[in-house]
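>>> Predicted coordinates and the sequence they were generated for:
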Amino acid sequence: MKLIHLGDLHLGRSLGEFDLIEDQKYILGQILDLIDKEKVDAVLISGDVEV
């Protein structure tokens, strides 16, 4: 079984006045590509998940 663990994503957050949404969309796309490529069976998301 292949598992990928993600933590402290802080989705939807900004850094001061700087909006991080485009960066977050990009990295989430990269994560989805990796999940498909590696045929991951499960994704565990822990830590600070804020939407």
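Yep, that arrived.
>>> Which stretches in this structure count as helices?
21-37 (DSSP state H).
>>> Let's see the pLDDT reported for Ala42.
Looking at Ala42, its pLDDT is 98.
>>> Tell me if I'm right that it and Ile35 touch.
No. Under the criterion of CB atoms under 8 Å, Ala42 makes no contact with Ile35, lying 9.7 Å away. In short, each C-beta sits where N, CA and C put it, glycine included.
>>> Have a look at those two and say which one is more surrounded.
Ile35 (15 against 10; other CB atoms under 10 Å).
>>> intersection of neighbour lists for Ala42 and Ile35?
Among the neighbours of Ala42, those also in contact with Ile35 (CB atoms under 8 Å, 6 or more residues apart in numbering) are Ile4.
>>> Would you point out the helix or strand in this protein whose mean pLDDT is lowest?
Scoring the helices and strands of the chain by mean pLDDT, DSSP states H and E places strand 14-15 at the bottom, with a mean of 84.
>>> Any chance you could list what contacts it?
By CB under 8 Å, 6+ apart, strand 14-15 touches Leu20.
>>> Kindly recompute the last result at 10 Å.
Contact with strand 14-15 is made by 20-21, 23, as judged by CB atoms under 10 Å, 6 or more residues apart in numbering.
>>> Please apply the same query to stretch 39-51.
For stretch 39-51, the external contacting residues (CB under 10 Å, 6+ apart) are 1-13, 31-32, 34-35.
>>> Pull it out as PDB, backbone CA atoms only.
Taking Å, rounded to 0.1, in the frame of the first residue of the first chain, the C-alpha atoms of stretch 39-51 are listed here in PDB:
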ATOM      1  CA  LYS A  39      -0.400   5.200  -7.900                       C
ATOM      2  CA  VAL A  40      -0.900   6.200  -4.300                       C
ATOM      3  CA  ASP A  41      -3.600   4.200  -2.500                       C
ATOM      4  CA  ALA A  42      -4.400   6.700   0.300                       C
ATOM      5  CA  VAL A  43      -3.700  10.300   1.300                       C
ATOM      6  CA  LEU A  44      -3.500  11.300   4.900                       C
ATOM      7  CA  ILE A  45      -3.900  15.000   5.600                       C
ATOM      8  CA  SER A  46      -3.000  16.200   9.100                       C
ATOM      9  CA  GLY A  47      -2.000  19.400  11.000                       C
ATOM     10  CA  ASP A  48      -3.400  22.800  10.300                       C
ATOM     11  CA  VAL A  49      -5.900  22.500   7.500                       C
ATOM     12  CA  GLU A  50      -7.800  25.700   7.100                       C
ATOM     13  CA  VAL A  51     -10.100  26.500   4.300                       C
END
